[in-house]
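In: Please work out how this folds:
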Amino acid sequence: MDLNDLNKVWEIKPLKKVEEEDAKKVLEKVAKQVQPIMKKRKWKVKVLSEFWSVNPALMGLHIGGGAEVNWRLRRANNEWPS
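Out: Residues are numbered from 1 along each chain as shown. Below is the predicted model of the structure:
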């Protein structure tokens, strides 16, 4: 087993809401795009998940030093962007 294969996003979790499949595709695309950076820096993210907050300025969170990364994909009114 190549240890570089460990430096990636392990799990994708969209919100269980309308357009869930679209949100999952966006998160998967992001995970794929950052993979070379993660390998180079030896970063691991256990969970990349979508989250929502009533605070429109809050765009993302990381928990446990980046073990879980939460990213806002929906507008503050909880609508999926068209």
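In: need the helices for this protein, in chain order.
Out: Per DSSP state H, the chain carries helices over the ranges 20-41.
In: Quickly note the distance from residue 78 to residue 53.
Out: Per Cβ to Cβ, to the nearest Å, residue 78 is found 10 Å from residue 53. Using the backbone N, CA and C atoms, a C-beta is placed for each residue, glycine as well.
In: can you pull out the strands in the protein?
Out: Under the criterion DSSP state E, the chain contains strands at 9-13, 45-51, 60-63, 68-72.
In: so where's the chain uncertain?
Out: Along the chain, the model assigns pLDDT under 70 to residues 1-4, 82.
In: possible to save the strands of the chain as JSON lines with distance to residue 38 and mean neighbour count?
Out: Formatted as JSON lines, those follow (distance: least, Cβ to Cβ, whole Å; neighbours: other Cβ atoms under 10 Å):
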{"stretch": "strand 9-13", "distance to residue 38": "8", "mean neighbour count": "15"}
{"stretch": "strand 45-51", "distance to residue 38": "7", "mean neighbour count": "18"}
{"stretch": "strand 60-63", "distance to residue 38": "13", "mean neighbour count": "12"}
{"stretch": "strand 68-72", "distance to residue 38": "11", "mean neighbour count": "18"}
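In: These into a markdown table, with extra columns for distance to residue 23?
Out: Output for the strands of the chain, formatted as a markdown table (distance: least, Cβ to Cβ, whole Å):
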| stretch | distance to residue 23 |
| --- | --- |
| strand 9-13 | 9 |
| strand 45-51 | 5 |
| strand 60-63 | 14 |
| strand 68-72 | 10 |
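In: bridging residues for the residue nearest in space to the middle of the chain?
Out: For the chain, the residue sitting closest to the mean C-alpha position, by Cα atoms, centre = their mean, is residue 48 at 3.3 Å. Beta-bridge pairing of residue 48 under DSSP bridges involves residue 12, residue 69.
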